[in-house]
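Engineer: Structure of the sequence below:
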Amino acid sequence: MVPIEISGVIFDLGSTLIDFEGNYDHLFLVGLEAISDSLRDQAIEIDGQDFIHSFGEALRQYHRRRDDDHVELSSYTILCQVLHELVDPLPEEQVLRDGLSAMYAVSEAYWTPKPAAHTVLKTLSGAGYQLGILSNAGDEANVQRLIDMAGIREYFDPILISAALGIRKPDPRPFHQIREQWGLPAQAIVMVGDLLEADILGAQNAGMHSIWLPDPNLPDASQHTHAPQPTLVASDLSQVPDLLKSIAEKG
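Structural biologist: Residues are numbered from 1 along each chain as shown. Got it, this is the predicted structure:
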């Protein structure tokens, strides 16, 4: 078999290039308090506890549902739906987006780049690989800030976020969008991510190779019946450049 040339690498963001070092449940509640305070500071007449309960429950229900239908509604859309029931008229868009920024700022402080992130990205970029980000997230601005906070924007084109696309991995369409932008066959692209049911299955659906970088904080999902099987597995992000060469050599 003639070895193939791997020319493009798509990265997930959270728990792949950056790590979360906080208590999610606690920070979720603190974030809800932050957006409530932000809205009320702008003279939006809401009962703080009523809003926190309604918006928090709407987000929880949506987060459970979106992994089933792979449809991504933005946090802004959900916020508008909740506020339609609480205030009239709806506040100006910028007021709501400022509130969301206040909410996400709480958790953003707990994300840091993986130790090997800059070295790996510099190595791959210098070797001529095309690099992209494909992230499942409910707020595009949140992800863009995290990318800038990590100092990695220069390496990536494109950067696709499900909140802007309206669809989530493992839907193959955003994978194909990147492939078409790069002008590469699917077999020349590798997806690197931490979630089997999103990153690895998405790459599989799009006919691409994949490298699974398991999150040590999550249960091992690879033993589940019918779990998607990655092309290769990395125990650390630093292994990715050598694994890409291995995929190319195996063809």
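
Engineer: For Leu29, give me its contacts.
Structural biologist: By C-beta atoms under 8 Å, 6 or more residues apart in numbering, the residues touching Leu29 are Ile52, Gly56. Yep, even glycine has a C-beta here, placed from its N, CA and C like the rest.

Engineer: if we go to 10 Å?
Structural biologist: Taking C-beta atoms under 10 Å, 6 or more residues apart in numbering as the contact definition, Leu29 lies against Asn23, Ile52, Gly56, Val106.

Engineer: hmm, which of those are the buried ones?
Structural biologist: For the contacts of Leu29, a neighbour count by 16 or more other C-beta atoms under 10 Å gives the buried set as Ile52, Gly56, Val106.

Engineer: Just the closest of the contacts of Leu29 to Leu39, please.
Structural biologist: The nearest member of the contacts of Leu29 to Leu39, counting by C-beta to C-beta, is Ile52 at 10.6 Å.

Engineer: hang on, Ile35 packs against Leu79?
Structural biologist: Yes: using C-beta atoms under 10 Å, Ile35 is in contact with Leu79, at 7.9 Å.

Engineer: how about the helices in the stretch 151-251 of the chain?
Structural biologist: For the stretch 151-251 of the chain, the helices defined by DSSP state H, counting those that start in this stretch occupy 162-165, 173-182, 201-205, 240-250.

Engineer: highest average neighbour count across those helices?
Structural biologist: With neighbours taken as mean count of other C-beta atoms under 10 Å, the helices of the stretch 151-251 of the chain reach their highest mean count in helix 201-205, at a mean of 23.

Engineer: Mean confidence (pLDDT) on stretch 158-177, please.
Structural biologist: When pLDDT is averaged over stretch 158-177, the result is 98.

Engineer: start to end distance for that stretch?
Structural biologist: The stretch stretch 158-177 measures 9 Å between its terminal residues, going by C-alpha to C-alpha, to the nearest Å.

Engineer: Check stretch 41-54 too.
Structural biologist: End-to-end span of stretch 41-54 (C-alpha to C-alpha): 19 Å.

Engineer: Make 52 the first number, not 1, from now on.
Structural biologist: Happy to do that; since the first residue is 52 now, the last one works out to stretch 92-105.

Engineer: Skip the chain neighbours and tell me the closest residue to Tyr155.
Structural biologist: Leaving aside its sequence neighbours, Tyr155 sits nearest to Asn193 (C-beta to C-beta, 6 or more residues apart in numbering; 4.2 Å).

Engineer: can you check Leu141 too?
Structural biologist: Nearest residue to Leu141, sequence neighbours excluded (C-beta to C-beta, 6+ apart): Leu134, at 5.8 Å.

Engineer: Can you point out the buried residues in the helix of greatest length in the chain?
Structural biologist: In the chain, taking DSSP state H as the definition, the longest helix is helix 99-120. Under the neighbour-count criterion of 16+ other C-beta under 10 Å, helix 99-120 has Phe102, Ile103, Ser105, Phe106, Gly107, Ala109, Leu110, Tyr113, Arg117 buried.

Engineer: ok, the fifth one touching Ser126?
Structural biologist: When you say that, I think you mean Gly107. No: assessed by C-beta under 10 Å, Gly107 is found out of contact with Ser126, at 11.8 Å.

Engineer: intersection of neighbour lists for the two?
Structural biologist: Common neighbours of Gly107 and Ser126, using C-beta under 10 Å, 6+ apart, are Ile86.

Engineer: I'd like to know how many residues surround Arg91.
Structural biologist: As a burial measure, Arg91 scores 15 neighbours (other C-beta atoms under 10 Å).

Engineer: give the contact list for it.
Structural biologist: Each residue near Arg91 by C-beta under 10 Å, 6+ apart is listed here: Ile97, Asp98, Gly99, Phe102, Gly150.

Engineer: what are the ranges of the strands in the stretch 202-302 of the chain?
Structural biologist: Secondary structure of the stretch 202-302 of the chain, counting by DSSP state E, counting those that start in this stretch: strands at 210-212, 240-244, 260-263, 283-284.
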